[in-house]
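> please work out how this folds:
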Amino acid sequence: MPAQMFRSVITKLNPYYLYGLTATPIRKHNDEKLIFIYLGDIVHEVKELLSKTSIEQEIEQKPENTLQVNIVIKDTELTFPFKIATKDYHLLSKVLIFDTKRNQLIVNDVSNVAKNGRKCLVLTERKEHVDILSCYFRKDFEIVPITIMTTDYELCEDIGKAISDTVKEYKKPVLIIASTDMTHYESQSSANIKDRKAIEQILKLDPKGLFDTVMKNQITMCGIAPTTAMLIACRNIGAKEAKLIKYMTSGDVSGDYEQVVGYAGLIIK
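As a prediction, the model looks like this:
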């Protein structure tokens, strides 16, 4: 991020937490002072970077009581057939996102990791890049997105049963993810009361109870249908328990408790 952009954006934010990752904390016009004020002191610094002539090298760091960290740098051979200023970040990002050779290097690394039975987290600053990478992954991996825009319990039952039947037939570990917010734009106290009622039904592994509770109490839980279908599928597969990892609202971060959005993370096994 250019220093000018950082300065103009960061001064408009008032977040509860900030985390920054930068190639260098040195900025023009003493802007590094802003970095330290908003982000705090440097917690880790990578020194003695690889030479620019290296095509692919690996750095192994083995600090005590931590996992081994491998940093791999690859030459993407990315070139621009025209002159472009670094301030034209959006144009630069477009070229990066759609560069075939660069994307193929990313996909190859991810595929190798996944095929060895390991988990892989891909981080990119552009949502558009996620969409492009997903097109590449379809060659080696099957991605099954399901969008449910209804409040019909019978349809949730059909989808849940279809998912559980498929998982049983597949006979390999499958992760089922249901995405939803909880209460929208009500006071903190109202959101806490309503969301706790919904969460209680999830902890009971009761899809019908969840569905009825949300409808009866007019809980603005946007993903009630996928969450209900997920519960049905998990019960059919043999899930025995649900655990609440954390519940909080946007007010806990922003300090505005008049209109909040609720969020809850739960694991079902």
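> what's the helix or strand for residue 76?
Under DSSP states H and E, no helix or strand contains residue 76.
> just give the closest residue to it, not the sequence neighbours.
Spatial nearest neighbour of residue 76, chain neighbours left out: residue 102 (4.3 Å); criterion: Cβ to Cβ, 6 or more residues apart in numbering. Where C-beta positions appear, they are placed from N, C-alpha and C, glycine not excepted.
> show me what the helix or strand where the one you found lies is packed against.
Assessed by DSSP H and E, residue 102 sits inside helix 100-115. Under the contact criterion of 3 or more Cβ pairs under 8 Å, 6 or more residues apart in numbering; DSSP states H and E, helix 100-115 touches helix 127-137.
> buried residues in the helix it packs on?
129, 132, 133, 136, 137 (16 or more other Cβ atoms under 10 Å).
> same question for stretch 260-269.
Buried, per 16+ other Cβ under 10 Å, within stretch 260-269: 260, 261, 262, 263, 264, 268.
> okay, the residues you listed in JSON lines with distance to residue 220 and secondary structure next?
Conversion of these to JSON lines gives the following (distance: Cβ to Cβ, whole Å; DSSP: H, G, I helix; E, B strand; the rest coil):
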{"residue": "260", "distance to residue 220": "11", "secondary structure": "strand"}
{"residue": "261", "distance to residue 220": "9", "secondary structure": "strand"}
{"residue": "262", "distance to residue 220": "9", "secondary structure": "strand"}
{"residue": "263", "distance to residue 220": "13", "secondary structure": "strand"}
{"residue": "264", "distance to residue 220": "14", "secondary structure": "strand"}
{"residue": "268", "distance to residue 220": "23", "secondary structure": "strand"}
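> could you dump those residues to JSON lines with distance to residue 149 and pLDDT?
Converted to JSON lines, the buried residues of stretch 260-269 look like this (distance: Cβ to Cβ, whole Å; pLDDT from 0 to 100):
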{"residue": "260", "distance to residue 149": "24", "pLDDT": "91"}
{"residue": "261", "distance to residue 149": "19", "pLDDT": "91"}
{"residue": "262", "distance to residue 149": "21", "pLDDT": "92"}
{"residue": "263", "distance to residue 149": "21", "pLDDT": "92"}
{"residue": "264", "distance to residue 149": "21", "pLDDT": "93"}
{"residue": "268", "distance to residue 149": "23", "pLDDT": "94"}
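> least trustworthy helix or strand in the protein by mean pLDDT?
Least confident helix or strand, the chain: strand 56-61 with a mean of 40, by mean pLDDT, DSSP states H and E.
> where does the stretch 1-150 of the chain dip in pLDDT?
1-11, 13-72, 84-89, 119-127, 142-145 (pLDDT under 70).
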